[in-house]
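Student: Need a 3D model of the sequence below.
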Amino acid sequence: MDRPEEGGPRLAHLDRDRRLVEAAQADPARFEALYRKYLAQVYSYAFYELRDHHEAEDATERTFLSALAALPTFQDRARPEDGRDASTFRVWLFHIARNVVAERRRRWRRRPEAPLDAAFETPDPTDVEREVLDRESALAAWRAVDRLSGDRRRAVILRFVHEMSTAEIAQVLDKSEGAVRVLIHRGLRGVAADLRARREGRE
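Tutor: As a prediction, this is how the structure comes out:
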């Protein structure tokens, strides 16, 4: 079994997308497999951030174009502690998406906000549990998530919508894993407090 040398490169064979990435690096036409695999996730992330379908579509397109252009320089950096489901490509791709979204926001500073209800128009096939939740309760919870501050909201969405690990979220948000855990914990506490306050207000 290969072991990383001290100060040497990280283990790469653990990255679950390595074969797809290598194929696309050898032949850009094969990038389509990565595109299909992550299209819905990137679009969903962009939509949660931008709240506009057209803006999200544009951001998604720019993300994948940027990724395709930069793919020759991409390097796997999977670590044993990340587990065998780790994908440094996904982290890298979401990092690009985050930068693209930030650029779209800088260009469009003043805009009306679309309600988070619209997010339910975009089905997430990986989130089976949501289908059995009461719709009103789910909407209330996601509205509460929507009211969280920026990185708390992003951390909660990346964790519970995209099912990213703490390590992956840390890389996407450029924070330590400890900071991400705090963001998620405080985000969930904030959602609970928001829901409780609104429920008590109605009563």
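
Student: Going by C-alpha atoms from here, please, whenever you check contacts or count neighbours.
Tutor: Will do.

Student: got the domain boundaries for the protein?
Tutor: 9-114, 121-203 (automatic domain parsing).

Student: Out of those domains, which is the most enclosed?
Tutor: domain 9-114 (a mean of 17; mean count of other CA atoms under 10 Å).

Student: Show me the shaky parts of this protein.
Tutor: For the chain, applying pLDDT under 70 flags the ranges 1-14, 77-86, 109-138, 203.

Student: Run through the helices of it in chain order.
Tutor: 18-26, 32-50, 53-70, 88-107, 129-132, 135-146, 150-160, 166-173, 177-202 (DSSP state H).

Student: and the residue positioned nearest the centre of the chain, how far is that from Gln75?
Tutor: Closest to where the C-alpha atoms of the chain average out (CA atoms, centre = their mean) is Leu158, at 4.3 Å. Look at Leu158 and Gln75: by CA to CA, to the nearest Å, they are 22 Å apart.

Student: Same question for Leu20.
Tutor: 13 Å.

Student: for Glu49, same thing?
Tutor: Glu49 is 27 Å from Gln75, by CA to CA.

Student: With Asp194 instead?
Tutor: The gap separating Asp194 from Gln75 is 42 Å, by CA to CA.

Student: do the same with Gly187
Tutor: 32 Å.

Student: what do you get for Arg152?
Tutor: 29 Å.

Student: Next: Arg159.
Tutor: 24 Å.

Student: so Asp28 sits right up against Ala70, yeah?
Tutor: Actually, residue 28 is Pro rather than Asp. No. With contacts counted by CA atoms under 8 Å, Pro28 stays clear of Ala70, the gap being 11.1 Å.

Student: Contacts only, for the residue nearest to the centre of the chain.
Tutor: Tyr45, Met164, Ile169 (CA atoms under 8 Å, 6 or more residues apart in numbering).

Student: From the chain's centroid, how far away is stretch 184-192?
Tutor: 18 Å (CA atoms, centre = their mean, to the nearest Å).

Student: check contacts around the residue lying closest to Ala46 once chain neighbours are set aside.
Tutor: Nearest residue to Ala46 in three dimensions, chain neighbours excluded: Ala56, at 4.9 Å (CA to CA, 6 or more residues apart in numbering). By CA under 8 Å, 6+ apart, the residues touching Ala56 are Tyr43, Ser44, Ala46, Phe47, Leu50.
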